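Enquirer: Structure here, sequence nowhere to be found:
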C-alpha cells in the first residue's frame with residue numbers, strides 16, 4: 001500500500017506542475033486579449049481548496065488530479081451581463097480565440113526546454129550502452145558482449161535510453177538499422193541490425209529482447225562496483241575487483257554470491273574470497289556480517305555490483321543547447337510514433353496511462369532529482385504534442401474548428417460541434433481505457 005501511495009504522490013506532483021503551466025498559458029493570453037476568466041482549476045470535480053481573486057477569477061485545486069481547465073465568460077454557457085459581453089470568449093475575433101487555445105500547449109514547450117536545461121546542468125545518470133551477451137539477430141549482426149554502442153544511425157548514444165528509441169522505431173518499421181560500436185579492444189566498427197527479419201508479431205513492448213540485445217546488467221558479472229564504508233569488505237576489496245571464488249566455490253555471476261556466501265558463512269568465521277585485480281590473482285579473508293531482513297538471516301560483505309554508468313552534464317550554455325536538441329529529437333520521435341500508431345505499424349500495447357506515469361514518476365524520483373526533472377520535461381512535451389492533435393474536446397480540436405472558421409468566414413455549425421464533442425469524448429475514453437488496461441497487464445505480468 002505504501003508503494004501505491006508513494007507512486008500516487010509523485011504522479012500528483014508531476015502532473016500538477018505540468019497542468020498548472022498548461023492552464024496558465026490559456027489564462028495569461030486570455031487576460032491579455034481582454035477575456036474574463038471565471039475559474040482557474042487544477043484538477044476536476046469537487047474543489048479541495050478555492051479562493052476568489054481580486055480579478056474576479058476563482059482559483060481552485062480540485063479532487064481529481066487528472067488535468068485542469070480554465071473557464072471563460074461565454075454566452076454559450078451562461079447568461080452574460082450586456083456590459084461584459086465584449087469580454088466574453090465567444091465574442092472575440094477568431095485569431096484571438098486561436099491564440100488563447102494554442103497558448104496552453106505552447107506553454108508546455110518552454111517548460112520542457114527549461115526542465116531539460118536544469119536536469120542537464122545537475123547531471124543525468126544513465127546506464128552506458130554496453131552490451132551483455134547478445135543472441136538472435138544481434139548475435140547474427142556480429143555484436144559481442146562488452147561492445148559499446150557509439151551511435152544508432154547518425155545519432156550519438158551516450159546512454160541506453162538514447163539508443164533504445166531509434167532501435168525500437170526501426171524495429172516497428174522492420175527496417176535494418178546501422179549502429180557504430182566500440183569493442184573491448186577499442187576497435188570501432190559498424191554493424192547492421194537486420195530488423196527486417198523480425199517476425200510480424202514480435203513484442204513491441206520489449207524490442208531489445210526480440211532483437212537479442214541485452215544491457216550490461218544482464219551479463220551479471222561478479223565485479224565489485226562499490227565497497228560500503230564500515231562494512232567487512234572495506235580495505236580488502238575495491239571497485240573493479242572480479243570475484244572468482246568464495247572458499248572452494250567458483251563464482252561466475254554476481255547473483256551467485258548471496259547464496260554461496262550464506263552456505264559458506266553459516267558456520268561462522270571468515271571466508272576466503274578469490275579475486276582478480278588488475279590482472280593479478282589474489283585471495284583475501286573477510287568475515288561476513290549477519291543481518292536479519294524480513295525474518296531471515298542475510299550475510300553481507302558490503303559490496304555493490306559494478307554498473308556501467310555515465311553522467312550527462314553540461315555548463316549553462318552547453319546545457320541549454322543540449323536541451324533544445326533533446327526537445328527537437330524527442331518531438332520527432334514522438335510524432336513518428338504517433339504516425340506509426342495511426343497507420344497500424346506500432347502496437348497499441350505501447351500506450352501507457354495513469355498507472356504507468358505514476359510508476360515511472362516514482363522510479364525516477366527514487367533515482368534522483370535530475371531524473372525526475374528529465375521525466376517531467378518529456379511528459380511536458382507529450383502534453384504539448386497530444387493536446388495539439390486535431391481531436392475534438394482537446395485544444396487541437398478547437399483549433400481545427402477555428403481554422404475552418406478562419407478559412408470559410410463563418411463558425412462551424414452547432415450540430416457539427418456537438419457531434420464532434422461526442423466523437424472526441426468516445427475516442428478519448430477509448431484511449432484512456434486501453435492505456436489503463438495496458439498498465440494493468442504490465443503490472444501483473
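Expert: Arrived safely. Because the structure is predicted, anything quoted here is derived from the model rather than measured. Numbering: from 1, shown residues only.

Enquirer: Could you point out the helix or strand that follows the helix or strand that contains residue 372?
Expert: Under the criterion of DSSP states H and E, residue 372 resides in helix 369-387. For helix 369-387, the following helix or strand on the C-terminal side (DSSP H and E) is helix 395-408.

Enquirer: quick one: contacts for the nearest residue to residue 30 once chain neighbours are set aside?
Expert: Of all residues not flanking residue 30 in the chain, residue 100 sits nearest, at 4.8 Å (C-beta to C-beta, 6 or more residues apart in numbering). Glycine gets a C-beta too; all of them are placed from N, C-alpha and C. Applying C-beta atoms under 8 Å, 6 or more residues apart in numbering, we find residue 100 in contact with 26, 29, 30, 33, 35, 72, 89, 92.

Enquirer: and which of those is nearest residue 216?
Expert: residue 26 (45.9 Å; C-beta to C-beta).

Enquirer: was I right about that closest one contacting residue 103?
Expert: Yes. If you go by C-beta atoms under 8 Å, residue 26 and residue 103 touch, sitting 5.6 Å apart.

Enquirer: Show me what the helix holding residue 372 is packed up against.
Expert: When contacts are defined as 3 or more C-beta pairs under 8 Å, 6 or more residues apart in numbering; DSSP states H and E, helix 369-387 packs onto helix 2-32, helix 94-122, strand 124-127, helix 316-343, helix 354-367.

Enquirer: Provide the secondary structure category for residue 71.
Expert: Classification of residue 71 using DSSP: H, G, I helix; E, B strand; the rest coil returns strand.

Enquirer: partners of it in the sheet?
Expert: Here residue 71 sits in beta bridges with residue 39, as judged by DSSP bridges.

Enquirer: Tell me the secondary structure of residue 46, please.
Expert: strand.

Enquirer: and it, how many neighbours?
Expert: As a burial measure, residue 46 scores 10 neighbours (other C-beta atoms under 10 Å).

Enquirer: likewise residue 29?
Expert: Count around residue 29 with other C-beta under 10 Å applied: 19.

Enquirer: My read is that it contacts residue 99, right?
Expert: Yes. Judged on C-beta under 8 Å, residue 29 makes contact with residue 99 at a distance of 5.5 Å.

Enquirer: Report the separation between residue 135 and residue 79.
Expert: The spacing between residue 135 and residue 79, counted by C-beta to C-beta, to the nearest Å, is 69 Å.

Enquirer: which of these two has more neighbours?
Expert: Neighbour totals were compared for residue 135 and residue 79, and residue 135 leads with 14 against 5 (other C-beta under 10 Å).

Enquirer: isn't that one right up against residue 212?
Expert: Yes. With contact defined as C-beta under 8 Å, residue 135 reaches residue 212; the gap is 4.0 Å.

Enquirer: picking up where we left off before, hey, which of the helices and strands packed on helix 369-387 is tucked in deepest?
Expert: Most buried of the helices and strands packed on helix 369-387, by mean neighbour count (mean count of other C-beta atoms under 10 Å): helix 94-122, with a mean of 21.

Enquirer: what's the angle from that one to helix 2-32?
Expert: 140 degrees (axes from the mean of the first three to the mean of the last three C-alpha atoms, to 10 degrees).

Enquirer: Helix 94-122 to helix 395-408, inter-axis angle?
Expert: 140 degrees.

Enquirer: State the mean pLDDT of helix 94-122.
Expert: Mean pLDDT, helix 94-122: 96.

Enquirer: And stretch 359-375, by the same measure?
Expert: Computed over stretch 359-375, the average pLDDT equals 87.

Enquirer: which residues in the stretch 51-200 of the chain form helices?
Expert: For the stretch 51-200 of the chain, the helices defined by DSSP state H, counting those that start in this stretch occupy 94-122, 136-140, 160-173.

Enquirer: Which residues outside the second one are in contact with it?
Expert: Judged by C-beta under 8 Å, 6+ apart, the contacts made with helix 136-140 from elsewhere in the structure are 131, 193, 194, 195, 197, 198, 210, 211, 212, 213.

Enquirer: now with 6 Å?
Expert: Here helix 136-140 makes contact (C-beta atoms under 6 Å, 6 or more residues apart in numbering) with 194, 211, 212, 213.

Enquirer: Turn those residues into CSV, columns for neighbour count, secondary structure and pLDDT.
Expert: Below are the contacts of helix 136-140 laid out as CSV (neighbours: other C-beta atoms under 10 Å; DSSP: H, G, I helix; E, B strand; the rest coil; pLDDT from 0 to 100):
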residue, neighbour count, secondary structure, pLDDT
194, 16, coil, 94
211, 27, helix, 93
212, 17, coil, 92
213, 27, coil, 92
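
Enquirer: before we move on, back to that, for the helices of the stretch 51-200 of the chain, which one sits closest to residue 378?
Expert: helix 94-122 (7.6 Å).

Enquirer: and for stretch 59-67, what are the contacting residues?
Expert: Surrounding stretch 59-67, the residues in contact under the criterion C-beta under 6 Å, 6+ apart are 12, 19, 40-51, 53.

Enquirer: which stretch among the helices and strands packed on helix 369-387 comes nearest residue 287?
Expert: helix 354-367 (31.9 Å).

Enquirer: So what angle separates the directions of that closest one and helix 369-387?
Expert: Using the same axes, to 10 degrees: helix 354-367 against helix 369-387 is 150 degrees.

Enquirer: Could you name the helices and strands sitting against helix 354-367?
Expert: Applying 3 or more C-beta pairs under 6 Å, 6 or more residues apart in numbering; DSSP states H and E, we find helix 354-367 packed against helix 2-32, helix 369-387.

Enquirer: ok now stretch 405-416, how far from the chain's centre?
Expert: 39 Å (C-alpha atoms, centre = their mean, to the nearest Å).

Enquirer: Between its first and last residues, how far does it reach?
Expert: 13 Å (C-alpha to C-alpha, to the nearest Å).

Enquirer: buried sites along that stretch?
Expert: Neighbour-count burial for stretch 405-416 flags no residue at all (criterion: 16 or more other C-beta atoms under 10 Å).

Enquirer: and the residue nearest to the spatial centre of the chain, what does it touch?
Expert: Centroid-nearest residue in the chain, with C-alpha atoms, centre = their mean: residue 375, separated by 4.9 Å. Contacts for residue 375 (C-beta under 6 Å, 6+ apart) come out as residue 364.

Enquirer: same thing with residue 135?
Expert: Counted by C-beta under 6 Å, 6+ apart, residue 135 has contacts residue 212.
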